[in-house]
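> okay, predicted coordinates and the sequence, questions at the end:
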Amino acid sequence: AVLTDYDRALELFDIGLLNQNADALFFVGVMKYYGLGLAKNEEEGLADITQAAERGSVYAYEQLKRFLTEDALDYLRGVHSREDIKTYLLSIGASLEGSEESCDLYGLQSALNSDYALVRAKVCFGAASRQIIFEYQKAIDPLYKSYLDNYMSLSGYSMIPISN
C-alpha cells in the first residue's frame, strides 16, 4: 500500500519553501495541479511548477517537458485533417522528412523533447481512419519507455524502435 500523508508532506515542503527550495515549490505545484492534499488548481499548480523550473528544479523542468509532450499527443489524437496535423507538427518544430500518397514522415528531434527519445512520427491516413506510429531510440530510458508505452496505448498510438 502506498502511504499518502499529504499533511506531513506539506509541512516539509513549507520548510523547503521558507528556504527558497525550488524542488519544494515543484512538489507543492504538483500537489495543487493534481489535487493531492490540496484543492485541485491546475493553473496555480502549473505556475508553481514553471517557477520551480526557472529556479533550477530538474524535477520541474522534466515535468514541464512531460506536459508539452502530452499536450502534443492529445492534440494529435483530436485532429483529423492531414493538413492540420502537418501545420501543427511544423509549428512545434517538427520537420517533414518525407511524404507518400497516404503517409507523412516527421522528424521530432527539435519538437516535443529529445528526453523522450521520440525520433520520428509516421502519420498515415486511410478512408476513414488515421494511424500514428512513433519511432524511438533504442537507448530510451526504461522509466520513460514505460511511461510512454502506457500513455501511447491509452492514446491509441503505437511505438516501435528506430530501425537504423
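Looks like it came in fine.

> could you measure Ser57 against Asp104, distance?
Noted for Ser57: a distance of 37 Å to Asp104, by Cβ to Cβ, to the nearest Å. All C-beta atoms are positioned from the backbone trio N, CA, C, and that covers glycine.

> neighbour count: the two, which is higher?
Applying other Cβ atoms under 10 Å to Ser57 and Asp104 shows that Ser57 carries more neighbours, namely 22 against 18.

> from memory that one sits against Leu25, does it?
Yes - between Ser57 and Leu25 a contact is recorded at 6.9 Å, counting by Cβ atoms under 8 Å.

> wasn't Ile132 part of a helix?
No - using DSSP: H, G, I helix; E, B strand; the rest coil, the secondary structure at Ile132 is strand, not a helix.

> I figured it hits Ala72, correct?
No - the criterion here is Cβ under 8 Å, and Ile132 misses it with Ala72 at 11.0 Å.

> which of the helices or strands spans Glu135?
Element membership for Glu135 (DSSP states H and E) is strand 130-136.

> what average pLDDT does that strand get?
Averaged across strand 130-136, the pLDDT comes to 80.

> before we move on, what about stretch 31-49?
In this model, stretch 31-49 has a mean pLDDT of 92.

> show me how far it is from its chain's centre.
Between the centre of stretch 31-49 and the centre of its chain there are 17 Å (Cα atoms, centre = their mean, to the nearest Å).

> for Ala24, which non-adjacent residue is spatially closest?
Nearest non-adjacent residue to Ala24, counting by Cβ to Cβ, 6 or more residues apart in numbering: Gly16, 2.6 Å away.

> from Ser57, how far off is that neighbour?
Gly16 sits 11 Å away from Ser57, going by Cβ to Cβ.
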